[in-house]
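Engineer: A predicted structure for the sequence below; I have some questions about it.
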Amino acid sequence: MSAHGDPIPMTARRSGPLRGEAVVPGDKSISHRALILGALAVGQTRISGLLEGQDVLDTAKAMRAFGAEVTHEAPGDWTVQGVGVGGFAEPADVIDCGNSGTGVRLIMGTMATSPVTATFTGDASLRKRPMGRVTDPLALFGTRAFGRQGGRLPMTLIGAADPAPVRYVVPVPSAQVKSAVLLAGLNAPGETVVIEREATRDHTERMLAGFGATLRIEEAPEGRAIVLTGQPELVAQTIAVPRDPSSAAFPVAAALIVEGSDVLVPGIGLNPTRAGLFTTLREMGADLVYENERDEGGEPVADLRARFSPAMTGIEVPPERAPSMIDEYPILAVVAAFASGPTMMRGIGELRVKESDRIAAMAAGLRACGAEVEEGEDWMIVHGLGAGGLPGGAACATHLDHRIAMSFLCAGLAAQKPVSVDDAGPIATSFPIFEGLMTALGAEFDRGDA
């Protein structure tokens, strides 16, 4: 079953050249954070370019449930009348975060230091995902959590009535955990310190500073320390959301593997904590060029031009790059199948606790398509077959995972035989215009099995 209705089987067939401009939606990570910090600010925050996928819409509903006034003004344009730090009201009903691990973990952090109680749930995929990685550090503030066995949803959080600031070393690289603790620290007196051994996406730090929080970065013996002064008055902002590099990954990758393609993807956020995929593709020999590089709203942005790249070769992806591209390994695995030689991906154990076990899902699907794949607990090797070399002809299970679905549909555009997915429905959580955007470029998709 799809996360939001009956399954939508879809098949991708070998296509002619993909050409044109692919205008992808706003960045999902920044969209979540803009709504949440807008709800904590004093005054009216105006947001343009907001991603209107289901994940973000669920976060908007949650902010309304906590008392903020969230209004959809026009496509991509939203306003949020905030309630101030510590101003959350107790929700009248269960908070349903759908498929969004980012949404539920950030919202848990945001309410954790307010004296309110909230119950969280999600779809079948989200209810399988572990929440202990967030609720454990939130307990240090005084928050109590009661969930299903294994720390899974549905889960009730009782916010700390008298929170204490914390010092927390994030055990594994996770922007969600880091952000949840920082958001909780907003309503705790004194300084909350979050230390990460490896840098992860820093949208939360950038946006907190933009809203007026006092925050500094220091070096600590354990790594990079983010020091946040609690109980600030956040000031409403005007935010232009850059376009999502994780969504851009799919038209870019498809252009690289489909013969004769030339696709421009404008206005993509190239925050260095998010752009690891594009660096990796260029190292593999991809014809991927940054045009019109600029800065928008404190984030580096460029237009990406991707052309068919038949001479790509496999590489070993540095494990320290994983946090900057953790969501992009499924589509990288597809590109690797069309490169020559092996592509080694290490340090990717986080993929096993995403919307699905993405290592297992990609390995199974690529093997069914005729590629040789090796895997371990936190690594995967894809042995590439060269341009046009993937046999295809498989039906791939998506496990309610939007990125698995889009990755295999991109594979089918360049494989020798069609590739189908059991359910394209979850794609709407992050990239609701994926099918229309790709077909406008020349992709051949059919609803139904191959």
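Structural biologist: Great, that's in hand. Numbering: from 1, shown residues only.

Engineer: pLDDT below threshold where in the stretch 251-400 of the chain?
Structural biologist: Applying pLDDT under 70 to the stretch 251-400 of the chain flags residues 297.

Engineer: can you give me the strands in it?
Structural biologist: 262-269, 287-296, 299-307, 316-317, 340-346, 372-376, 379-385, 395-396 (DSSP state E, counting those that start in this stretch).

Engineer: got a markdown table for these, with distance to Ile30 and mean neighbour count too?
Structural biologist: Quick note: C-beta positions are derived from backbone N, CA and C, even for glycine. Converted to a markdown table, those look like this (distance: least, Cβ to Cβ, whole Å; neighbours: other Cβ atoms under 10 Å):
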| stretch | distance to Ile30 | mean neighbour count |
| --- | --- | --- |
| strand 262-269 | 7 | 21 |
| strand 287-296 | 11 | 13 |
| strand 299-307 | 8 | 20 |
| strand 316-317 | 25 | 19 |
| strand 340-346 | 26 | 19 |
| strand 372-376 | 32 | 15 |
| strand 379-385 | 28 | 21 |
| strand 395-396 | 30 | 20 |
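
Engineer: closest one to Met406 among those?
Structural biologist: strand 395-396 (11.3 Å; Cβ to Cβ).

Engineer: And the closest one, what does it pack against?
Structural biologist: Under the contact definition 3 or more Cβ pairs under 8 Å, 6 or more residues apart in numbering; DSSP states H and E, strand 395-396 sits against helix 358-368, strand 419-421.

Engineer: Just the C-alphas of the longest one, formatted as CSV.
Structural biologist: Looking back up the chat, that one is helix 358-368. The C-alpha atoms that make up helix 358-368 are tabulated as CSV, following Å, rounded to 0.1, in the frame of the first residue of the first chain:
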residue,chain,number,x,y,z
ARG,A,358,17.9,1.6,1.6
ILE,A,359,21.1,-0.5,1.3
ALA,A,360,19.0,-3.7,1.2
ALA,A,361,16.4,-2.2,-1.1
MET,A,362,18.8,-0.9,-3.7
ALA,A,363,21.0,-4.0,-3.6
ALA,A,364,17.9,-6.2,-4.2
GLY,A,365,16.5,-4.1,-7.0
LEU,A,366,19.8,-3.6,-8.8
ARG,A,367,20.6,-7.3,-8.7
ALA,A,368,17.1,-8.0,-10.1
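
Engineer: rewinding a little: would you reformat the strands of the stretch 251-400 of the chain as CSV and include distance to Gly230?
Structural biologist: Formatted as CSV, these follow (distance: least, Cβ to Cβ, whole Å):
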stretch, distance to Gly230
strand 262-269, 29
strand 287-296, 30
strand 299-307, 26
strand 316-317, 38
strand 340-346, 38
strand 372-376, 41
strand 379-385, 40
strand 395-396, 47
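
Engineer: of the helices and strands packed on strand 395-396, which approaches Ala411 most closely?
Structural biologist: Nearest to Ala411, of those and by Cβ to Cβ, is strand 419-421 at 5.3 Å.

Engineer: Show me what counts as buried in the closest one.
Structural biologist: Residues of strand 419-421 classed as buried by neighbour count (16 or more other Cβ atoms under 10 Å): 419-421.

Engineer: so how far is it off the chain centroid?
Structural biologist: 23 Å (Cα atoms, centre = their mean, to the nearest Å).

Engineer: Out of the strands of the stretch 251-400 of the chain, the one nearest Ser356 is which?
Structural biologist: Comparing these by Cβ to Cβ, strand 395-396 comes nearest, at 11.7 Å.

Engineer: what does that closest one contact?
Structural biologist: 364-365, 368-369, 404, 408, 419-422, 449-450 (Cβ atoms under 8 Å, 6 or more residues apart in numbering).

Engineer: go again using 6 Å as the cut-off
Structural biologist: Strand 395-396 is contacted from outside by 365, 408, 420-421, using Cβ atoms under 6 Å, 6 or more residues apart in numbering.

Engineer: again with stretch 331-340
Structural biologist: 249, 253, 257, 284, 312-314, 343, 362, 366, 371, 382, 384, 386-387, 390, 407, 410-411.

Engineer: can you rerun that using 8 Å?
Structural biologist: Contact partners of stretch 331-340, identified using Cβ under 8 Å, 6+ apart, comprise 249-250, 253, 256-257, 277, 280-281, 284-286, 311-314, 317, 325, 343, 345, 362, 366, 369, 371, 373, 380, 382, 384-390, 403, 406-408, 410-411, 414.

Engineer: I'd assumed Ala92 was in contact with Thr119.
Structural biologist: No. With contacts defined as Cβ atoms under 8 Å, Thr119 does not count as touching Ala92, sitting 11.0 Å away.

Engineer: More neighbours: which of those two?
Structural biologist: Thr119 (16 against 6; other Cβ atoms under 10 Å).

Engineer: For that one, which residues are in contact?
Structural biologist: 94-95, 154-157.

Engineer: Filter those down to the buried ones, ChimeraX style.
Structural biologist: Selecting only the buried entries of these in ChimeraX, with 16+ other Cβ under 10 Å as the criterion:
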select :95,155,157
